[in-house]
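**Student:** Sequence and predicted structure, then a few things I'm wondering about:
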2 protein chains.
Amino acid sequence: MGGFGVLDAGKERFQGYRFIPMSGLPKATVVRLPRYLRLLEDLASSRDTVSSDDLALAAGANAANVRRDLSHLDFHGVRGLGYSVRELRDRIRSELGIDKRRRVIIIGAGNLGRALANYGGLAKRGFDVAGVYDNAPKRIGKSIGGIEVRDIGGFEDDWASGEFDMVILAVPANAAQQVTDRLVRAGVRLILNFAPARVRVPDDIQVRQVDLSTELQILSYYGSS
Amino acid sequence: MGGFGVLDAGKERFQGYRFIPMSGLPKATVVRLPRYLRLLEDLASSRDTVSSDDLALAAGANAANVRRDLSHLDFHGVRGLGYSVRELRDRIRSELGIDKRRRVIIIGAGNLGRALANYGGLAKRGFDVAGVYDNAPKRIGKSIGGIEVRDIGGFEDDWASGEFDMVILAVPANAAQQVTDRLVRAGVRLILNFAPARVRVPDDIQVRQVDLSTELQILSYYGSS
DNA sequence: TAGATTGTTAATCGATTAACAATC
DNA sequence: TAGATTGTTAATCGATTAACAATC
């Protein structure tokens, strides 16, 4: 987290003589919303209301924490009863910007890119894999999860169509920065980086990094201490 | 993260009349160590020393933050000069418990499990994939990344050999909890969960969760705000 | 010495949590 | 009404950061 000017929501700015909240929710709250959402989607068919206690249990948080999170959303429950499952589900979806389906591009059709493209769970959560790109001739034209791998050379034109929302980067570490620069130049603003390398981007571009080795190393620490 | 009693390092306990640090490093520090390590490994062949400024840039942190992190390790630099690249690299490795190679088991030989097993980057960072397990007859016996997929039925016996350090869980969401329970019963204490479902474990088991949809949802929030 | 960089202090910030009045 | 659960306050905790004396 932090760094590179990205994902710095929750900051405040001194403007005149008052503090004006700048960009919405505290970071910690945003991270919990998808966890709440998952429970709510499971519950939507069977229950009408849910308590902060239930939500806390599912999200690994404290019930007071949940109530504070939801009041940040200006979402209110009913004392003695709890929160409306469906209304809260819809509210969180709209807050996360996934009340509409989102179209995702995957860059890199190696092992990881293919695994991600084939992963059906995305569609269930509102994300459609709308394209897979690579630069290796032997991969271009092959079909993955029902999508044809395209030549990265055509990426800029395709992206310019404005039909896509975000990019998942699944290229080798040594290509990550170069490809990222290219994405940014093409106008991509949201990048989920699976390449095992941190990339630098301008302040107005959002990058999240997911790295297997890093996770294992952190886990290893907690195993040996 | 938090919740389920895992990864709660950095707590302190009131004992008698003094505060005794309980389990080592602050969580935020642990998360940054792998980032420092990555830079140090890159630098080890070309430079002898590195400044807190360089480390901060690579890790997306503040220089003062870096210096504080390293002093938590009781690792000291030289004023005016910086920190010894190799000594710091070795110190962090030992702190993370990866001064020896670690043997990792992957459970689930679907798309994701296969991608992870094939991912060469792990070996470079000190982790060896020492086994892949599945319960589907059509997958058992197949070879992935030079390793034969074994029947999950034999997992308990294999794990009892004591040769393995951690488990990567790459099974479908609906199997995650059940498989996790089984791992815990077999004596697994470190689990990296790639299944798109939170799992509950006893307090002394460490779980880290990595979930693609969650990451995309968080990213989506920062795109729409 | 002069310049560079550490190690640490003190202030601030952001997040968590217990507790409880409000109220369905 | 009695029981349940919210919404919010106040205290605490953990993390960040600017600043600067120490010192290589």
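**Tutor:** Done, it's in.
**Student:** which SS state does residue A:159 fall under?
**Tutor:** Recorded secondary structure, residue A:159: helix (DSSP: H, G, I helix; E, B strand; the rest coil).
**Student:** doesn't residue A:128 fall inside a strand?
**Tutor:** Yes. With three-state DSSP as the criterion, residue A:128 is part of a strand.
**Student:** That one and residue A:93: what is the separation?
**Tutor:** 15 Å (Cβ to Cβ, to the nearest Å). For glycine as for every other residue, the C-beta is placed from the backbone atoms N, C-alpha and C.
**Student:** more neighbours, those two?
**Tutor:** Neighbours were counted for residue A:128 and for residue A:93 using other Cβ atoms under 10 Å in any protein chain shown; residue A:93 has more, 19 against 14.
**Student:** Residue A:37 is in contact with the more buried one, correct?
**Tutor:** Yes. If you go by Cβ atoms under 8 Å, residue A:93 and residue A:37 touch, sitting 6.9 Å apart.
**Student:** For the host helix or strand of residue A:87, which residues meet the burial criterion?
**Tutor:** In this structure, residue A:87 sits in helix A:85-96 according to DSSP states H and E. Burial within helix A:85-96, assessed by neighbour count using 16 or more other Cβ atoms under 10 Å in any protein chain shown, is assigned to A:85, A:86, A:88, A:89, A:91, A:92, A:93, A:95, A:96.
**Student:** C-terminal to that helix, what's the next element?
**Tutor:** Moving toward the C-terminus from helix A:85-96, the next helix or strand (DSSP H and E) is strand A:102-107.
**Student:** could I get the following helix or strand past that next one in CSV with only the CA atoms?
**Tutor:** The C-terminal neighbour of strand A:102-107 among helices and strands, as given by DSSP H and E, is helix A:111-118. Output in CSV follows, covering the C-alpha atoms of helix A:111-118 (Å, rounded to 0.1, in the frame of the first residue of the first chain):
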residue,chain,number,x,y,z
ASN,A,111,0.7,-19.4,-17.2
LEU,A,112,-0.6,-16.8,-14.9
GLY,A,113,-2.5,-14.8,-17.6
ARG,A,114,-4.1,-18.0,-18.8
ALA,A,115,-5.1,-19.0,-15.3
LEU,A,116,-6.7,-15.7,-14.7
ALA,A,117,-8.5,-15.6,-18.0
ASN,A,118,-9.9,-19.1,-17.3
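**Student:** burial of residue A:135, as a residue count?
**Tutor:** 16.
**Student:** so it makes contact with residue A:151?
**Tutor:** Yes. Between residue A:135 and residue A:151 there is a contact at 7.2 Å, judged by Cβ under 8 Å.
**Student:** so where's chain A shaky on pLDDT?
**Tutor:** Along chain A, the model assigns pLDDT under 70 to residues A:1-23, A:225.
**Student:** Would you mind listing what in it touches DNA strand C?
**Tutor:** A:10-12, A:26-29, A:61-62, A:64-65, A:67-68, A:78-81 (Cβ under 7 Å from any atom of the strand).
**Student:** all helices of chain A, in order?
**Tutor:** Here chain A has its helices, by DSSP state H, at A:27-43, A:52-59, A:63-72, A:85-96, A:111-118, A:121-124, A:155-160, A:173-186, A:212-224.
**Student:** so what's residue A:111 up against?
**Tutor:** With contact set as Cβ atoms under 8 Å, 6 or more residues apart in numbering or on different chains, residue A:111 has these partners: B:114, B:115, B:118, B:119.
**Student:** could those be laid out in a markdown table, adding neighbour count and distance to residue A:54?
**Tutor:** Shown next, in a markdown table, are the contacts of residue A:111 (neighbours: other Cβ atoms under 10 Å in any protein chain shown; distance: Cβ to Cβ, whole Å):
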| residue | neighbour count | distance to residue A:54 |
| --- | --- | --- |
| B:114 | 24 | 36 |
| B:115 | 25 | 34 |
| B:118 | 18 | 39 |
| B:119 | 20 | 37 |
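**Student:** from those, which is closest to residue B:159?
**Tutor:** Distance to residue B:159, by Cβ to Cβ, is smallest for residue B:114 among the contacts of residue A:111, at 21.0 Å.
**Student:** Skipping adjacent residues, who's closest to that closest one in space?
**Tutor:** residue B:144 (5.3 Å; Cβ to Cβ, 6 or more residues apart in numbering or on different chains).
**Student:** Smallest distance to DNA strand C belongs to which residue of chain A?
**Tutor:** Proximity of chain A to DNA strand C (Cβ to the nearest atom of the strand) peaks at residue A:80, 2.3 Å away.
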